[in-house]
Each structure stands twice: as C-alpha cells, then as structure tokens.
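only the shape, not the letters, is given here:
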C-alpha cells in the first residue's frame, strides 16, 4: 500500500491524502489531542488535589479558630469566675475581721469588768481583814482594861476566881 502511495506520488496525483506533510500534521494533532487530554487530566487531578488540600487546610484552620475562640471564652469565663470568687473571699475576710474586732472589744470589756471585780473583791477582803483586826484589837484592849479594872475593884478570894473564870470565857464569847 505504501508503495502504491509512493507510486501515485511519483505520478503527480493523489491529492491531499497522499501528501506526507498532511499525515505528519494529522499525527501531530492526534498526538497533541491525546497528550493534551492526558495532560489535561493530570493538570485537572493536580488542581483538584490542590483544591482539596486547600479546603482541608481551611477546614482545619476553621476548627482551630473555633477551638481558640472556645478556649478564649473559657479563659474569660474562668477569669470572671476567679474575680467573683476573689471578691467573695475579700468580703468574707472583711466580715471575719469585723467579727474579730467586735469579739476582741467584747473580750476587752469582759476582761476589764473581771479585773474591776477582782479589785473590788480584794478591797472587800482587805476591808474585812482590817475590820477583823480592829475588832480583835478592840476586844484585846477591852479585855485588858476589864481585867485591870476588875482586879483593882474586886478583892481577892472567891470573887476573884469567878471574875478570872468570866474573863477567860470572854474571848470565846466575843470572837
């Protein structure tokens, strides 16, 4: 067949289909079509893969942004809760300090009252002791005076024995 094409070419006829340049051009366009189709499929796949990678990266970034937003919100809530707790602790500490001040004032008042009562009790004891000492001294002086007076006025004998007996009983009756 090829030999007939060469032979026809040699005769000057045959037309466009017998021209080798035409067939080279057809083969070149077929090659370009097949290679272009394969190349287009490869480029399309490459672009689709790149698009999918970008979409995944965007999705991951969106997830990370949402997680960061949630973490920020949690941190702000935790900070607000901590501030509220700190204010509650401070208020409680102020109340406790006020209670302690009141308690200390009450204890101080009680202590002053107790010490005052102790001083009054000591004074009363000292007064009682002084009164006892004065009474005892007065009794002793009265006894001595009575003894002296009775000895001078009453004579010796039976009367003197009765007087001595009465005088000896006198301290028992006075104390």
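Looks like it arrived, so ask away. None of the values given here were measured: they were computed from a predicted structure. Numbers count the residues shown, from 1 in each chain.

pull the number of nearby residues for residue 136.
Burial of residue 136 is recorded as 13 neighbouring residues (other C-beta atoms under 10 Å). Placement of C-beta: from N, CA and C, glycine included.

that one in helix, strand or coil?
For residue 136, the assignment made with DSSP: H, G, I helix; E, B strand; the rest coil gives helix.

and for residue 16?
Per three-state DSSP, residue 16 ends up coil.

tell me how many other residues crowd residue 19.
By other C-beta under 10 Å, the residues close to residue 19 number 13.

hmm, I was thinking of residue 147
14.

what residues are up against it?
residue 167 (C-beta atoms under 8 Å, 6 or more residues apart in numbering).

three-state assignment of it?
Per three-state DSSP, residue 147 ends up helix.

ok, it to residue 22 distance?
Distance of residue 147 to residue 22, computed by C-beta to C-beta, to the nearest Å: 180 Å.

what stretches of the chain score poorly on pLDDT?
Applying pLDDT under 70 to the chain flags the ranges 1-14, 150, 153-160, 162, 174-175.

element containing residue 77?
Taking DSSP states H and E as the definition, residue 77 sits inside helix 20-153.
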